[in-house]
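Student: Please work out how this folds:
(2 chains)
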2 protein chains.
Amino acid sequence: MAAQTVANTTNSVNLGPAAALSCRECGHRVPLGPVFACEECFGPLEIAYDFSDYDTEELRKRIEAGPANIWRYAPLLPVPADVAEKPNLNPGWTKLVKADNLARELGVTGGLYVKDDSGNPTHSFKDRVVAQALEAARVFGFTTLSCSSTGNLAGAVGAAAARAGLRSCVFIPHDLEQGKIVMAAVYGGDLVGIEGNYDDVNRFCSELIGDPAGEGWGFVNVNLRPYYAEGSKTLAYEIAEQLGWRLPDQIVVPIASGSQLTKIDKGLQELIRLGLVEDRPYKIFGAQAEGCSPVSVAFKSGHDVVRPQKPDTIAKSLAIGNPADGPYVLDIARRTGGAVEDVNDEQIVDAIKLLARTEGIFAETAGGVTVGVTRKLVENGVLDPAKSTVVLNTGDGLKTLDAVAGTGLTATIRPTLDSFREAGLA
Amino acid sequence: MAAQTVANTTNSVNLGPAAALSCRECGHRVPLGPVFACEECFGPLEIAYDFSDYDTEELRKRIEAGPANIWRYAPLLPVPADVAEKPNLNPGWTKLVKADNLARELGVTGGLYVKDDSGNPTHSFKDRVVAQALEAARVFGFTTLSCSSTGNLAGAVGAAAARAGLRSCVFIPHDLEQGKIVMAAVYGGDLVGIEGNYDDVNRFCSELIGDPAGEGWGFVNVNLRPYYAEGSKTLAYEIAEQLGWRLPDQIVVPIASGSQLTKIDKGLQELIRLGLVEDRPYKIFGAQAEGCSPVSVAFKSGHDVVRPQKPDTIAKSLAIGNPADGPYVLDIARRTGGAVEDVNDEQIVDAIKLLARTEGIFAETAGGVTVGVTRKLVENGVLDPAKSTVVLNTGDGLKTLDAVAGTGLTATIRPTLDSFREAGLA
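Tutor: Here you go, the predicted model:
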C-alpha cells in the first residue's frame, strides 16, 4: 500500500515543490492533476510538498533576495521555479501597517497591525489565489480560465487571464449590479450571465467541467481549487517576514468558505517546520458577519458540524452560507486557543469608518468584519490586548461603496468667509 | 546681492536636502516656508536642493537598501531624514509593468512599460504629492491639512491626515456625485460642500489662507504647493531605478496643471546630475483629452502661450482648462524632442479597454488618455516604436466606472449545457 502511494505521486508535472495531491480526510495521495475530490472518500484534495532538501538560512536568503511580490515564496508554492519570468499580475507583498491609532481606540497595547490586501493589482486577496491557479492552468494545458463569482474573483480572473494571454470566461448571476458587471467585463474576456442565483451558477459550472464543452477549461475555484487555495499561504509568509521573521501572537481572519484561514494556518506551520520562525504559540480568530455566521454559531455552541445558513448581510464577499472548510476552521480555532465571532451590519459599517479615520485605510465590508470582530473580541476579553495582533483587510472599500453610502458632507456653505465662520469649522 | 541671497536661504527648517525656495521665473531665493509665489515677480516658487555632499555609489546603495516606497528617495526630497519612521501612507514603489501584449497591439518593439500608480494607497499618484505636503505641514506646525478638489486629491488628503493624526478639511463643489463624496468622506475629516463650481471653491480657499480663520491650515496644493509638487519626482526616480538605473528613451505623461510632467523632467535631470544614470537623451510626451487640450493646441500651433479652455471631457482628473505649468510643459516637450497630443473621449474609452484586455490593468480615464495618446503618436510616426517607452497610468478605473459603463455581459444563458452551446461560447 505504501509502495503504491509513492508510485502514484511520481509524475513529471513541474509545479516546483508540489509533490502530489493528498486527501485531507483519508490521506490518500494521487499525482498532481486538475482534480479536487478524493477518489476514495470524496474528501477535499490539497497539495503535499517536498521541502526536504531546503537549508533554512539559504532559503531565507533566497526569499529575501526575491521580488517584491508573492513569487519571493515560489520555493514554497505549487508553481514552476521560473514563475516570476512569466506574464502574470505579480500580486502580494502588500503593506503590513502598524496601526497605532486604531490600537489606541481599541485598547490594544501589544502591537496592532493591519495586513492590507487592497494593495493587490485588482485590490483584493483573490489575486494571490488566482495567480496559483493560473500557473496550474498553464502546466495542465488549459487555454480558458474560468470561475463562478459574484464579485472580487471575477475581476481577478479576468485581469490575470488578460495579462497571461489566456481566454477567460466568467459566470455570474445575470442580475448582478451594473457596477460589478463593469469591473469584471472591462478586461475583455467573456462574461456570461446565468438566469438563476449563485447556486445555479455553481451547479452549472460543475456540469460544464464534466462535459466535452468544458474541455480545456480551468475553473480556478473548482478543478484547480487545490492549487488556487494555496495562494492564501502567502498571507502567512508575508506577515511573518514583515514582522521580522516572527509569528504574531494573534491573527484575525475573515471566513467565507474558510479556506483562507486554514491555509494561513498551514503557512504558519510550514514556517515553523522549515525553521524560518521560532516555534511559539499563536491563536487564530475567525470573523464572520452575523447575517452569515454558520461557523461562529457552531463555535459558540461547541459543535463540530456547521449548519448551513441563508446569507443576509452587507458583507457579500463573505456570504457563503455552507462553508466547505467550516469544520477545519473550527478545529484550528480550538486547537490554537482562538475563537470565531461575528458582528452585525451596523458594527461592520462602524468598523469600516473606524479603520478609515484612524489609519486612512478604506476597507471592503470584509475588512469591516475583521476590524469589528477584533473590537468585540477585545471588549469581551477573548483577545489579549497585551499581545501582538494582526488583522486582515482582504479587499477594497471602492468595491463596496454602498455600505458607507450614508457618509456625506460635514457642511454646505456659500463661498464666503462669513458663511465658513457661521458653520463653525474654523 | 549674492551674499544676501545666501543669508536668506539659511534657516533652521529641517526638510532634508531642501535648501531654499527659488523662483522659477527670476531665480530669487527665499527661506523655506509656507509660501508659493515670488515676492519679487509673483512667479512660482520651487524647491532648491543642496545635494553637494552626495557620493554617487553611496547614494545608490542607500536608496537600494531603503524601504519599498517613496522614502527610499528621502535624500532627494524635501522631507526630514527620519520621514519613514513617521505615520504616513508610505506610497510609491508601484509596479513598472512590462507591457508586451500592449506593445504588440501598438506595434512598439523597443520595450513598452506601464508605470501603474493605481497601486498607491488611495489608488492614484496624488498619494505621492500629498505625502510631501504632509511632512512640510508637520514642520511648519500646521494642524489642519486642507485642499480644494473634485476627486482623487480629496481622498488622498483625507487618508493621509487620518493616518498622521492631523485634522483634515477638504473643500469640494457641493453637487459632486454621491460616490465621490463617499470616497472622500469615509476618512472622517471635515468635507465641506461649497455652493458654486470648482473655480468658486479655489477662490474661497485662497481667501481662507489670508484670513485668521485659516491660521494653522496647510493647503496641500496652495501654500504647500512647492513641497507637494516635488512628490512627482519620485515617478522619475522609480522608473529609472526599475529599469536598472537607466533612462527610458520616451515617456508619456498626462497633463492636468502640467506640474507632474515638469517634475518628472526635474527628477530625471537630478538623476543625471547625481551620476545615478547615464546622461543620454530622453523625450517627454504630454497627453491631454481633446475636450481639455490647451497645451496640446499651443504645442501644435507653435505658441509659447497657453490659451485657457472650458473643459468638456470624461477625463475629469485632467480637466484643468488653464494649466499653471502649461508654458513649462511646452518648453520641456520642445527641448527634449517630445510632443503634446490629445485624444477624444471615444479614444480614451477604447484605450482603457485596450490596456485592460492586454495587460489586466484597469486604468482611470487619465490612463486612457496616456495610452490613447501613445497609440496615436505611434500611428503618426511621432513616437519611435523601436525605442523604449514608459506610459503613466496615474489613477484607478474603479474611480471612473462611468467611463466604461457600456461594458457588459457577453451573453445571458439559462443554467444548462444546451443553452451554453447555443450561445456559441464553447
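
Student: so what's A:Trp217 closest to, chain neighbours aside?
Tutor: What sits nearest to A:Trp217 in space, not counting adjacent residues and going by CB to CB, 6 or more residues apart in numbering or on different chains, is A:Thr144, at 4.6 Å. C-beta coordinates here come from the backbone N, C-alpha and C atoms, glycine included.

Student: so that neighbour makes contact with A:Ala164?
Tutor: No - under the criterion of CB atoms under 8 Å, A:Thr144 makes no contact with A:Ala164, lying 11.4 Å away.

Student: tell me the contacts of A:Leu59?
Tutor: Taking CB atoms under 8 Å, 6 or more residues apart in numbering or on different chains, we find A:Leu59 in contact with A:Pro75, A:Leu274, A:Leu276.

Student: again, only using 10 Å
Tutor: Neighbouring residues of A:Leu59 by CB atoms under 10 Å, 6 or more residues apart in numbering or on different chains: A:Phe51, A:Tyr73, A:Pro75, A:Leu76, A:Leu274, A:Gly275, A:Leu276.

Student: So the second one lies in a strand, does it not?
Tutor: It stands for A:Tyr73. No - A:Tyr73: not assigned to a strand; according to DSSP: H, G, I helix; E, B strand; the rest coil it is helix.

Student: what's the neighbour count on it?
Tutor: 23 (other CB atoms under 10 Å in any protein chain shown).

Student: repeat for the third one
Tutor: A:Pro75 sits with 19 neighbouring residues when counted by other CB under 10 Å.

Student: Pull up the per-residue confidence for it.
Tutor: Predicted confidence (pLDDT) for A:Pro75: 98.

Student: ok, it to chain B distance?
Tutor: 21 Å (CB to the nearest CB, to the nearest Å).

Student: and what of the last one?
Tutor: Taking CB to the nearest CB as the measure, A:Leu276 falls 20 Å from chain B.

Student: The first one now?
Tutor: Noted for A:Phe51: a distance of 27 Å to chain B, by CB to the nearest CB.

Student: correct me, but that residue touches A:Tyr73?
Tutor: No - using CB atoms under 10 Å, A:Phe51 makes no contact with A:Tyr73, being 11.9 Å away.

Student: lowest-pLDDT helix or strand in chain A?
Tutor: helix A:2-9 (a mean of 35; mean pLDDT, DSSP states H and E).

Student: rewinding a little: overlap of the contact sets of A:Thr144 and A:Ala164?
Tutor: What both A:Thr144 and A:Ala164 touch, as defined by CB under 10 Å, 6+ apart, is the set A:Ala137.

Student: What residue spans form the domains of chain A?
Tutor: As assigned by automatic domain parsing, chain A contains the domains A:2-49, A:96-121+A:231-404, A:141-223.

Student: Can you add mean neighbour count and give these back as CSV?
Tutor: As requested, the domains of chain A are exported to CSV (neighbours: other CB atoms under 10 Å in any protein chain shown):
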stretch, mean neighbour count
domain A:2-49, 16
domain A:96-121+A:231-404, 22
domain A:141-223, 22
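
Student: Export these as a markdown table, with columns for distance to B:Ser22.
Tutor: Below are the domains of chain A laid out as a markdown table (distance: least, CB to CB, whole Å):
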| stretch | distance to B:Ser22 |
| --- | --- |
| domain A:2-49 | 55 |
| domain A:96-121+A:231-404 | 32 |
| domain A:141-223 | 44 |
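
Student: follow-up on the earlier one: give me phi/psi at the residue nearest to A:Trp217?
Tutor: phi -120, psi 130 (degrees, to the nearest 10).

Student: Where does A:Pro78 fall, secondary structure wise?
Tutor: Using DSSP states H and E, A:Pro78 falls within no helix or strand.

Student: Who are the contact partners of it?
Tutor: Contacts for A:Pro78 (CB under 10 Å, 6+ apart) come out as A:13, A:15-19, A:21, A:32, A:46-49, A:132-133, A:135-136, A:139, A:226-231, A:233.

Student: likewise A:Pro248?
Tutor: By CB under 10 Å, 6+ apart, the neighbours of A:Pro248 are A:96, A:110-113, A:115, A:236, A:239-240, A:268, A:282-284, A:387-391.

Student: quick one, phi/psi of A:Gly286?
Tutor: Per-residue torsions, A:Gly286: phi -100, psi 140 (degrees, to the nearest 10).

Student: who touches it in this structure?
Tutor: Counting by CB under 10 Å, 6+ apart, A:Gly286 touches A:252-255, A:258, A:260-261, A:293, A:295-296, A:299, A:323, A:326, A:329-330, A:332-333, A:338-342, A:370, A:373.

Student: what does A:Ser146 give?
Tutor: Contacts for A:Ser146 (CB under 10 Å, 6+ apart) come out as A:133, A:137, A:157, A:161, A:166-171, A:189-190, A:192, A:205, A:208-209, A:214, A:217-224.

Student: Counting neighbours, what do you get for A:Glu64?
Tutor: Residues near A:Glu64, counting by other CB under 10 Å: 10.

Student: That one and A:Gly244 touch, don't they?
Tutor: No - using CB under 10 Å, A:Glu64 is not in contact with A:Gly244, being 11.4 Å away.

Student: Among the contacts of A:Pro248, name the ones in helices.
Tutor: Counted as lying in helices by DSSP state H, out of the contacts of A:Pro248, are A:Ala236, A:Ile239, A:Ala240, A:Leu268.
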